[in-house]
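Novice: Okay, here's the prediction I keep looking at, along with the sequence it came from:
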Amino acid sequence: MGVAQKDVALSKRRLKLIKALNEAIDEEMARDDKVCLFGEDIGAFGGVWALSSGLQKKYGKHRVFDTPLSESAILGTAVGAAMAGLRPIAELQYIDFLTQCMDPLFNQGAKLRFMSGGQFKVPITVVAPCGAGTSEAAHHSQSLEAWLLNAPGLKVVMPSSIYDLKGLLKSAIRDDNPVIFLWHKAMYDLEEEVSEGEWTVPLGEALVRRAGNDITVVAFSLMAVRALQAAEEVSARISVEVVDPRTLKPLDIEAIRTSVRKTGRLLVVHESPTCCGVGGDIVRQIVESEFKGLKSAPKVLGGADLPIPFAKSLESACVPQLKDIVRQIESVVQG
Amino acid sequence: MGVAQKDVALSKRRLKLIKALNEAIDEEMARDDKVCLFGEDIGAFGGVWALSSGLQKKYGKHRVFDTPLSESAILGTAVGAAMAGLRPIAELQYIDFLTQCMDPLFNQGAKLRFMSGGQFKVPITVVAPCGAGTSEAAHHSQSLEAWLLNAPGLKVVMPSSIYDLKGLLKSAIRDDNPVIFLWHKAMYDLEEEVSEGEWTVPLGEALVRRAGNDITVVAFSLMAVRALQAAEEVSARISVEVVDPRTLKPLDIEAIRTSVRKTGRLLVVHESPTCCGVGGDIVRQIVESEFKGLKSAPKVLGGADLPIPFAKSLESACVPQLKDIVRQIESVVQG
Amino acid sequence: MKQQVRDDRDFQSKDLEDIDSGTNISLMLELYRNMVRIRHFELKVIEIFAARMKAGDFPGALHTYDGQEAIAAGVCSVLRPDDFVFSTHRGHGHALAKGLDLKQVMAELNGRATGVSRGYGGSMHLYDREKGFMGTNGIVGGGLPLSLGTAYASVIQGNGRVTVCFFGEGGSAQGSFHESLNMASVMKWPVVYVCENNFYAATTHVSVNCPLENIADRAAAHGIPGVVANGNDVLAVRETAQAAVSRARRGEGPTLIECKTYRHKPHCMVIPEHRPRKEMKEWLSEDPILMLSAKLTAQGYATEEELKAIENRELELLDEAVSFMQNSPFPDPATVGNTLWA
Amino acid sequence: MKQQVRDDRDFQSKDLEDIDSGTNISLMLELYRNMVRIRHFELKVIEIFAARMKAGDFPGALHTYDGQEAIAAGVCSVLRPDDFVFSTHRGHGHALAKGLDLKQVMAELNGRATGVSRGYGGSMHLYDREKGFMGTNGIVGGGLPLSLGTAYASVIQGNGRVTVCFFGEGGSAQGSFHESLNMASVMKWPVVYVCENNFYAATTHVSVNCPLENIADRAAAHGIPGVVANGNDVLAVRETAQAAVSRARRGEGPTLIECKTYRHKPHCMVIPEHRPRKEMKEWLSEDPILMLSAKLTAQGYATEEELKAIENRELELLDEAVSFMQNSPFPDPATVGNTLWA
Ligand SMILES: Cc1ncc(C[n+]2csc(CCOP(=O)(O)OP(=O)(O)O)c2C)c(N)n1
Ligand SMILES: Cc1ncc(C[n+]2csc(CCOP(=O)(O)OP(=O)(O)O)c2C)c(N)n1
Ligand SMILES: [Mg+2]
Ligand SMILES: [Mg+2]
């Protein structure tokens, strides 16, 4: 389990999400000329999210280029190029478009090393925004991490802080396995004070974002931000420990266990549909090993088992809000 | 919760899986001329599994036809035809090929009613074989029910007996929602004594396949068959109740709750990867409502978080075997 | 720079006995009315969305159709009310041209319970079953496979309904495009594929999405006619569509139509303009509405005043739609789950 | 009935300066050896699998290549050892022609730890990284998008390696086929697409998968050359492939080659024969191995005895491969999870 590393003795500056990710890719491309980047609109224009801003100019059209509007071809290119020794980064404009490239990602890339008896490495990084809350409705608001986790062979990273976003993206690019890196679209305005220069955050290490004694709240991506707000809101009455797994595969279940051993209570919060989601999977593992030490029933506060609707009034009813998290914290603590 | 309906006063005969499904489709096509059937090789040839044997001849080439080798086009045809008032049945030769038709199924068909504010019904039935154990390796051995369940808007049926296979397929075809109906490839030789004629089994009703007092084992499809064998094997020492949900969405969680209230112990068995699988989802729900009555930690015995390997020695290590189920029953009962 | 546009209107002229020559005045005024309606609708929506964004109320993504009106108006003018239309992320024009209610579309775009999809859909999920409008779509290429199904249903139901499926030139790089044209061709199903080639997919030039000069020539891979029309000339679009729709209705199978056009605004509200100024200027000078109005007045079919009167009436209706929207409630979150299952 | 096969060998004859005319005797004998190797391998595997099935030991799916040997042998004969090959579910021929070890392939098909994929893959997941063999594939069309990636890598690495991607005519109905050809064309990547049109996809006739007479003509949709070769004539295949591979190697982009051929056996072991007898008879009379051996003996390039000697040597090697397989251990289940992550 890691600790917040904010006391590095370097000059500080304020950094936002897109710039953090752009820096991570830039630094990794400078460091290793096997790293390349492609996707729709990511060349001269710099990507619809500006993630690749300036990179084609800096690294040339061979290493940074626009593709046709063909997600299967994009993921196929990534997997094939990795088989031939490159370290491709492929951008999907929304993770929702996974549906268009399932085969090269799930059937080929994720399984390739295994199916070939260990002959290949497939060091691809798929970067994409995820999440609801931006009034973009049923085709542009999903996170789909449960699909990614259920299918063997993919690492999944969903950070919640600027520091982690940059540090984990660098680790993802350096990792020798397929990694899906998701940032939340509702976090573009998040700004954080971080040091200049480079850092990495290892995959597979959770972070205790807030220490507490009464209940463990596990949350990641935007929900970690929201869980911290909820923890603050109830702090006079309840001492909440917020654990952010940061990577969902490999999952630092030990960190969650350690926390639950201390608090005896567990709430998992995520915004994707509850059914067969990460929440149930964490509860499964915690119940199996910590059953006797639990003071109350562990609970999952997940998204509604519904597509994301358009109208704000409906959308916010489908994704855990601050008040919902507060209510569930209270409910788990009351038992 | 249903009960085994084997005492209907009709003449009996022995029936196997494919014939049962073929009868179900035949009867529904005779009953409702809106029902149609298409997929690869399903026309004159009758399908690679012989599921549609004789049906093109009986119902004509408009209602039963071969498609190109284009799963997205097949599922698109199904969804569009349903929007226009038909009740299509689409066959996938293996459920693994879901990866080739995710968009029409998940983004369009499953969400259509919701996205349109309730204007459309999408009464499609997707039929496909699933499961491991046939030495067909990583692209022909999955069940993928966790993807189907995590995505809102799809019903999922995975029966374990001949009686249920026929009765549930008929209900699936009559249902006004998209239903994915999966049979297990390792069950082709299963034979059962059933009555002549028609019957239906409602979606969303679990069945207690064996009554017991010490532990509830929830299992479906081939694993229900195997769980019954395990229950028999330990019967001298342990009284096992086997609950077969039969449909995973809608899930008859009440039936499982009722059983766990009696036994105080729960084991869920499934062959798909454990991570974010059905097992965790059932544990999540049971722990939430039955926490205080549980005598020991509920457990999931799922498939390995690995692609299915080819060699039998490896394959059987990745899917719960009889001995594994026995061991886990004992472990949960010992606490 | 602007390309010369091929015009394939004679692609099967022997078959075109039922083509309307386009000289019918009331029809032309109706096309004009429809295009003006779409244009003002889009301008108004941009205004409303900009105001909402400024107020910190992010209204969702907006892909407007202004500049491409001749295609929706021309194609839908040859359809029966019960014909099917599948649309795209840039689909307000198709919706209005297929006869969807101005008020209900405006309400939907603003997430009101009175919207055509009851506020559940928004811009990219407009549906109107009664009107045969089978949806705008958030997935590029998402409508293509579905269009096979309505076409098939028409055959089996023997009701003569034709399906039209719109998509962009970017969408023609999706596998689903080819799977659909191929299957429709093999099955000879009654569907017309209309590619709106506005030369860009978001910021990506068509040359990255297609190595051919004409998307229409992709039809060759599927053994169906592929024809090009000037997508800014509503009469050319109408005539081309008429031939293809008649062909489909006669049971002779699908056609791929490519309409060359140009959007007036950036890809969507949050993406800055990136197209060459000169190219934009050339295309903007061929505004489809101005082209038609110039023709109407030049040929003496209508006076400037008559056209202005049509426009004014549309502006009135638009104002009514805005008021309707503003006075409509938001959907009730308590019932959000009620429409998932039938 | 059997179709007349178009022969497009002169498709760009001006560019073919490096084509081998096929009159080199040792080369022709090597092609013969390779085809005979594949043929006997397949017949042996069928025998082994049939015996295992009879013994209740279901060995998995088996799609054999017998009848199509000229394509793998011809195409791979123009490749460098470090060129990349992507194959299909019917891929033993491609694997052997690309130089994979007979023993290791035999072992893999029977799930042994000494197999080329260590028993993890089986027939549809044969891989040999060292030999540039990037996999047979359980997903029809599954290899096509991946072939873009090795082709791209060759460009960026500047190593001149060419990628060849095989697929069936059924696979040409998959969206991934078009996405791949389109992107390869736009990018001018060095890849050669080889469609093995054996007229059936499982039991489905090519006319259900493609409305055109020639799959090669689908190239038109992507602006690349599309050429037809007699897939049972190994020299024709070789010559056609040589032109396309040279073109790719020169950086001029992809080519689509269609080889018309016919499989000798049913689609796979568990599916009964369903093809018209007359058609089968006509095609079987054009057995690619007999065609070559007839030519070799007729032209005096080799005697019957010499050919028999080659065949006998191959049968010996095959026996060795079978013994090797039979004496090989099964993979250890205790370490099954060790190769998931790098
Ligand atoms: C499958 C998929 N990929 C990417 C996107 C993101 N996206 C939305 S519109 C668009 C460009 C579409 O271009 P085109 O098809 O030419 O239509 P146009 O916007 O020009 O009308 C892109 C890339 C999407 N919605 N769906
Ligand atoms: C995506 C997908 N759909 C269906 C199948 C089942 N399947 C395996 S081989 C085959 C026929 C393939 O035909 P073709 O591409 O012509 O190759 P051939 O078998 O004739 O060599 C089918 C339908 C599959 N493996 N993958
Ligand atoms: Mg466009
Ligand atoms: Mg074939």
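Specialist: Cool, got the structure. Numbers count the residues shown, from 1 in each chain, chains lettered A, B, ... in the order given. Ligands and ions are numbered 1, 2, ... in the order given.
Novice: for chain C, what spans make up the helices?
Specialist: C:25-54, C:69-76, C:92-97, C:102-109, C:143-157, C:175-187, C:206-209, C:234-249, C:277-284, C:288-298, C:304-326 (DSSP state H).
Novice: Does anything pack onto the second one? Which helices or strands?
Specialist: Which is helix C:69-76. Here helix C:69-76 touches helix C:25-54, helix C:92-97, strand C:163-168, strand C:191-197, helix C:234-249, strand C:255-260, helix C:288-298, going by 3 or more CB pairs under 8 Å, 6 or more residues apart in numbering or on different chains; DSSP states H and E. The C-beta positions use only the backbone N, C-alpha and C, and glycine is treated the same way.
Novice: I'd like to know which of the ones you listed is closest to D:Gly138.
Specialist: When the helices and strands packed on helix C:69-76 are compared by CB to CB, strand C:163-168 sits nearest D:Gly138, at 30.8 Å.
Novice: That closest one pairs with which strands, parallel or anti?
Specialist: When pairs are called by DSSP bridges, strand C:163-168 turns out to pair with strand C:84-86 (parallel), strand C:191-197 (parallel).
Novice: what does that strand contact?
Specialist: B:80, C:71-72, C:75-76, C:79, C:83-88, C:90-91, C:94, C:140-141, C:143-144, C:147, C:150-151, C:154, C:177, C:180, C:189-198, C:201, C:241, C:245, C:248 (CB atoms under 8 Å, 6 or more residues apart in numbering or on different chains).
Novice: what angle separates that strand from helix C:175-187?
Specialist: Counting by axes from the mean of the first three to the mean of the last three CA atoms, to 10 degrees, strand C:163-168 lies at 150 degrees to helix C:175-187.
Novice: Tell me how far strand C:163-168 lies from the chain's centre.
Specialist: Centroid separation between strand C:163-168 and its chain, computed with CA atoms, centre = their mean, to the nearest Å, is 8 Å.
Novice: report the angle between the axes of that strand and strand C:255-260?
Specialist: Going by the same axes, to 10 degrees, strand C:163-168 makes 40 degrees with strand C:255-260.
Novice: re earlier: in CSV, list the strands paired with strand C:163-168 along with distance to ligand 3, mean pLDDT and mean neighbour count.
Specialist: Output for the strands paired with strand C:163-168, formatted as CSV (distance: least, CB to the ion, whole Å; pLDDT from 0 to 100; neighbours: other CB atoms under 10 Å in any protein chain shown):
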stretch, distance to ligand 3, mean pLDDT, mean neighbour count
strand C:84-86, 16, 99, 30
strand C:191-197, 7, 98, 29
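Novice: nearest to ligand 1, of those strands?
Specialist: strand C:191-197 (6.0 Å; CB to the nearest ligand atom).
Novice: Distance check, the residue in the stretch 151-300 of chain C positioned nearest to chain D against A:Pro178.
Specialist: Proximity of the stretch 151-300 of chain C to chain D (CB to the nearest CB) peaks at C:Gly175, 1.8 Å away. According to CB to CB, to the nearest Å, C:Gly175 stands 21 Å off from A:Pro178.
Novice: Next: A:Lys121.
Specialist: From A:Lys121 to A:Pro178 the distance is 10 Å (CB to CB).
Novice: Touching both of those two, which residues are there?
Specialist: With CB under 8 Å, 6+ apart as the test, A:Lys121 and A:Pro178 both reach A:Ala82.
Novice: For the residue in the stretch 51-200 of chain C that ligand 3 sits nearest to, name its beta-bridge partners.
Specialist: Ligand 3 sits closest to C:Gly168 of the stretch 51-200 of chain C, with a gap of 3.7 Å, by CB to the ion. Going by DSSP bridges, C:Gly168 is paired in beta bridges with C:Glu196.
Novice: tell me the pLDDT at it?
Specialist: According to the prediction, C:Gly168 has pLDDT 98.
Novice: How much space separates it from C:Arg90?
Specialist: 7 Å.
Novice: any common contacting residues for the two?
Specialist: C:Glu196.
Novice: picking up where we left off before, give me the neighbour count for the residue of the stretch 51-200 of chain C closest to ligand 3.
Specialist: 29 (other CB atoms under 10 Å in any protein chain shown).
Novice: want to try JSON lines for the helices and strands packed on helix C:69-76, with distance to ligand 1 as columns?
Specialist: JSON lines is the format used below for the helices and strands packed on helix C:69-76 (distance: least, CB to the nearest ligand atom, whole Å):
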{"stretch": "helix C:25-54", "distance to ligand 1": "13"}
{"stretch": "helix C:92-97", "distance to ligand 1": "10"}
{"stretch": "strand C:163-168", "distance to ligand 1": "2"}
{"stretch": "strand C:191-197", "distance to ligand 1": "6"}
{"stretch": "helix C:234-249", "distance to ligand 1": "16"}
{"stretch": "strand C:255-260", "distance to ligand 1": "11"}
{"stretch": "helix C:288-298", "distance to ligand 1": "15"}
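Novice: Save these as a markdown table, and put in distance to B:Pro129 too.
Specialist: Putting those into a markdown table (distance: least, CB to CB, whole Å) gives the following:
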| stretch | distance to B:Pro129 |
| --- | --- |
| helix C:25-54 | 48 |
| helix C:92-97 | 40 |
| strand C:163-168 | 32 |
| strand C:191-197 | 31 |
| helix C:234-249 | 36 |
| strand C:255-260 | 36 |
| helix C:288-298 | 52 |
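Novice: near ligand 3, which residues of the stretch 1-150 of chain A?
Specialist: Counting by CB under 5 Å from the ion, no position of the stretch 1-150 of chain A is adjacent to ligand 3.
Novice: Get me the contact residues on the stretch 1-150 of chain A for chain C.
Specialist: Counting by CB under 8 Å from any CB of the partner chain, the stretch 1-150 of chain A comes close to chain C at A:40-41, A:45, A:48, A:66-70, A:72-73, A:96-97, A:99-100, A:134-140.
Novice: Model confidence for residue 185, exactly?
Specialist: Picking chain A for this. pLDDT, A:Lys185: 97.
Novice: Chain C was what I was after
Specialist: For C:Ser185, the pLDDT comes out at 98.
Novice: Repeat that for C:Arg9.
Specialist: 78.
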